[in-house]
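after the sequence you'll find the predicted model.
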Amino acid sequence: MASQTKHLVEITPEQIQEFKNLAKEQEKTFLSEDAIVDTVEHVDVSHLYQRIEVKGVSINYVKVGTGEKPVLLMCGSVGSLASDFGPILQKFNLDKFTVVAWDYPGAGKSIPPERDFSSKESFLHGDIEFAKILMQKLGYPKFSILGWCGGGTEALMMAGKYPEVIESLISINSKAFFGHEDMAFYNLMSDISNWSELARSSMVKVYGEEYFFKCWMSLITLYKRIYDEEEGNLCTEFLSKIKCPTLLVHGQLDPVAPVRHVHFIKERIPHAKVHIMEKGKHNLHLRYPEEFLAIVEQFLLELS
């Protein structure tokens, strides 16, 4: 099914070639097996799953640790707590932190309902509203937030929209907008048969091919509309409103969110700290967990 699908995002051949040139500069072949993500060991965390009702939806979540500092983890837009954070959940310092990871409505094990990518309001704003209520129900009216990829975008938005509940912010390989190079990437990635086997199989394993394909194409369609109607703006209006301590972690070799994006965000959050991981690709937090967690935990503990 996926291999017969035409690209939904119309980008010129010149723009597509520009993205390929960017990938080549990183000495990686576009969409090669290791260009986007590194292979990481799967860790089964299903024994930690718990359920809680939020806004009438049964949400799957995990809570580990007994520390005084609560930290909420935000997955990628079509990810799950197991795929995006499972390998590092129990590697946090669980004496100092209480770590909460969860599956968005329609993602991971929080199905039904289906994932709603019909608008920014249902998707981005909807997710952070669920996150806020989830943490309140768990007894954490104020907490730190750590988001990766699309979850990093939502973490940025949440820190700007709800500053009263966010103690500190960590955003990993995230975007606040996307331009024509990013849309060239999404154009090529709109057909999942173009993905490497490593990247595709990790998502199909969670959702099955049909549901994952439906979610992914819905997200790409929304991105195209945001690009056409809002000049690609995801959350730029919230960046200047972020006042909490902020850490931006980014992979130098990430083709999904090229390093220019972290510099764009830093310019609009002057007090933010930036850490570039020179060998990091898109899933740097899973490939280099010890280095990543050392950076994150030092940042969080310095706030004491």
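Sure thing, it's come through.

use CA for all of it now, contacts and neighbours both
OK.

per-residue confidence at Leu219?
Leu219 carries a pLDDT value of 95.

check Asn60 too.
98.

in its sheet, what does the host helix or strand of it sit against?
Using DSSP states H and E, Asn60 falls within strand 57-64. The strands beside strand 57-64 in its sheet (DSSP bridges) come out as strand 50-54 (antiparallel), strand 97-102 (antiparallel).

you'd agree Gly79 is up against Ala107?
Yes: if you go by CA atoms under 8 Å, Gly79 and Ala107 touch, sitting 6.8 Å apart.

of these two, who's got more company?
Comparing Gly79 with Ala107 by other CA atoms under 10 Å, the one with more neighbours is Ala107, at 27 against 24.

residues of stretch 167-180 that come out buried?
Within stretch 167-180, the residues that count as buried by 16 or more other CA atoms under 10 Å are 167-178, 180.

tell me the strands in the stretch 51-200 of the chain, going along the chain?
57-64, 69-74, 97-102, 143-148, 166-172 (DSSP state E, counting those that start in this stretch).

could you redo these as TSV and give each row distance to Ala131?
Formatted as TSV, the strands of the stretch 51-200 of the chain follow (distance: least, CA to CA, whole Å):
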stretch	distance to Ala131
strand 57-64	10
strand 69-74	8
strand 97-102	9
strand 143-148	10
strand 166-172	11
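
I'd like to know which of the ones you listed is closest to Asn187.
strand 143-148 (21.6 Å; CA to CA).

and that closest one, what does it pack against?
Strand 143-148 is packed against strand 69-74, helix 150-161, strand 166-172, with contacts defined by 3 or more CA pairs under 8 Å, 6 or more residues apart in numbering; DSSP states H and E.

the shortest one: how far from the chain's middle?
Per CA atoms, centre = their mean, to the nearest Å, the displacement of strand 69-74 from the mean C-alpha position of its chain is 14 Å.

can you check stretch 227-239 too?
Worked out by CA atoms, centre = their mean, stretch 227-239 lies 17 Å from the chain centre.

burial count for Leu303?
For Leu303, using other CA under 10 Å, the count is 9.

tell me which element it falls in.
Using DSSP H and E, Leu303 maps to neither a helix nor a strand.

and if you look at Glu229?
helix 209-230.

how far off centre is stretch 49-67?
Distance, centroid of stretch 49-67 to centroid of chain: 19 Å (CA atoms, centre = their mean).
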